[in-house]
Structure formats: C-alpha cells, structure tokens
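# Structure for the following, please:
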Amino acid sequence: MSSDHVTVAEEEYLQTLFWLYEAGLPMTGANVARAMQLSAPTVHEMIGRLERDGYITRASNKVISFTPSGVEHAEEIVRRHRLIERFLTDVLGIPWDEVHEEAERLEHAMSPVLEERMLAAIGDAKTCPHGHPINVGQRIGGVPLADVELDAKVTILRFENEAEDLLHYLKDHGIEPGMDGTITAKDENAITVASADGEHVVSMSVAETVSVKADPSPPERVALPGQLVLAKERYGR
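Numbering: from 1, shown residues only. Prediction:
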C-alpha cells in the first residue's frame, strides 16, 4: 500500500502511538490497547497492518518504532488535531474541554485549503487549548503536578491525557494551561494550587496527568502509564 493512502483507522493508531512517544511511554501494543480501550487481538491485528503498510517496525521485544513514512503521517494527524482544537476554541468559541472529541471527528477530512484558513485564523497561537505544541517537536519539558512540593511555584504547561471527562474535571476545578500558582496544600489524596483566581483542588490521580514547570522543581520523570490511559474511573478519586 502507498503511504499516501493511510486509512482513518491507521491514522487513529498512528496518533495514539505518537501520543505514547511524546509522553515518553513505551510504544507497545499493550500500551496502545490500554490507551484506546481496545482488546489485545484487535490491536494486534491493526499493528500488523501498520507494519505491513510500512508505517512502523517491531523489534524482537515487541517495542514499536516509526518508519520515516509513519512518523510523517503521525506528526501530520497530530498537528491537524491540535490546530482544529485551537480553531474551535479561539475562533468558534467552543469551550476547551469540549473540543477534543470534535477534533477527532474533523481531523481526517481536513483539506489543505481549510488547514491554511485555520492557520490564518488562529494567528500566532503555538499550542492547542490543552497546552500541546501545534508544531510537534516544540514540546517543553515538565514534571507531573503530583510531584511538586508544598510552597513551590508552578506554571501549568499541558494536560497529558485529553479524555473529555478528564478535561471537564480540570475545567470545573479551574485548572488550565498557562495558569500560574503556588502549591498551598498537599496530601496523599489531593493537591491545591492557589492562583489569582483562588484555590484549585484536584485529586492526586488527576495531578499525575498535568505537566507543569515548577520552582523548585522535582526530578523529571515519565508520568505513570496507568494515569495516561483513558480510564475515567481513575479520575476524581
């Protein structure tokens, strides 16, 4: 199959693989299955198809790598997704916690003309509304909010998990990218960020999915894989 004929299903898998790559998580079929909430046999079949079509390779330890064609397609679909989210939020006024699923529906049918118009409409915006760079490769390093100690200063960088129910939770609790604050309380269950708008309390499981810049900063680490999959029962505990 020509790489110019990537299917919608393949794009969805390439997007998920790129999301794992950006998050620093192993690109494996098991992590794809967890992220997409699909059965192992279903994922195994599609991973095989991606390999046959020349988008990925698999090592003997089952770790997946992109081919040049695969990473090109993955970066493009991710870029379109984030561009659409920014356009929907900034130009059409749709709340940022409601645009992820809408962008999922639109990203596969976006024409070059529409993409060019959207880019002009969003001006100099560099990230999607959830803090991820529209032009991939410009990601700023951060640490999980859950790791930050009491009295540290933080700037919210991005939400690593864009499951819509989690985005609703974060918006309802007043947490959004770009917000500056101070950690004023923390225990094993919750962490409190005080900003100019007041105090914002989120559960520690949610704080695992929020990347921040902190001063002083804890050591950088990859957020726990279990917190980066679409398993909504984990949120708000």
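# For the residue nearest the centre of the chain, give me its contacts.
Centroid-nearest residue in the chain, with C-alpha atoms, centre = their mean: E160, separated by 4.2 Å. By C-beta atoms under 8 Å, 6 or more residues apart in numbering, the contact list for E160 reads A23, T209, V210, S211, A223, L228. Heads up, the C-betas are built off the backbone N, CA and C, glycines and all.
# Now rank those residues by neighbours and give me the top one.
V210 (29 neighbours; other C-beta atoms under 10 Å).
# State the pLDDT value of the closest residue to that one other than its chain neighbours.
In this structure, V210 finds its nearest non-sequential neighbour in L145, 4.1 Å apart by C-beta to C-beta, 6 or more residues apart in numbering. Listed pLDDT for L145 reads 96.
# Next, the contact list for L145, please.
Counting by C-beta under 8 Å, 6+ apart, L145 has contacts V154, I156, I191, V193, V202, A207, E208, V210, S211, V212.
# Over to I175?
So I175 contacts I156, V193, H200, V202, V210 (C-beta under 8 Å, 6+ apart).
# do you know how far it is from I183?
I175 is 13 Å from I183, where distance means C-beta to C-beta, to the nearest Å.
# Now for the two: what residues contact both?
V193.
# what's the burial count for M36?
Neighbours of M36 using other C-beta under 10 Å come to 17.
# Same check on the one 10 residues further on?
Counted with other C-beta under 10 Å, residues neighbouring M46 total 19.
# How about the one 10 residues further on?
Other residues near I56 come to 24 when the count uses other C-beta under 10 Å.
# wait, it sits on P68?
No. Look at I56 against P68 with C-beta atoms under 8 Å: they stay out of range, at 11.1 Å.
# Report all helices and strands that the longest helix along the chain contacts.
Longest helix in the chain by number of residues, with DSSP state H as the criterion: helix 68-90. Counting contacts by 3 or more C-beta pairs under 8 Å, 6 or more residues apart in numbering; DSSP states H and E, helix 68-90 is packed against helix 8-23, helix 99-106, helix 112-122.
# which of those sits most buried?
For those, the largest average neighbour count (mean count of other C-beta atoms under 10 Å) is found in helix 8-23, namely a mean of 20.
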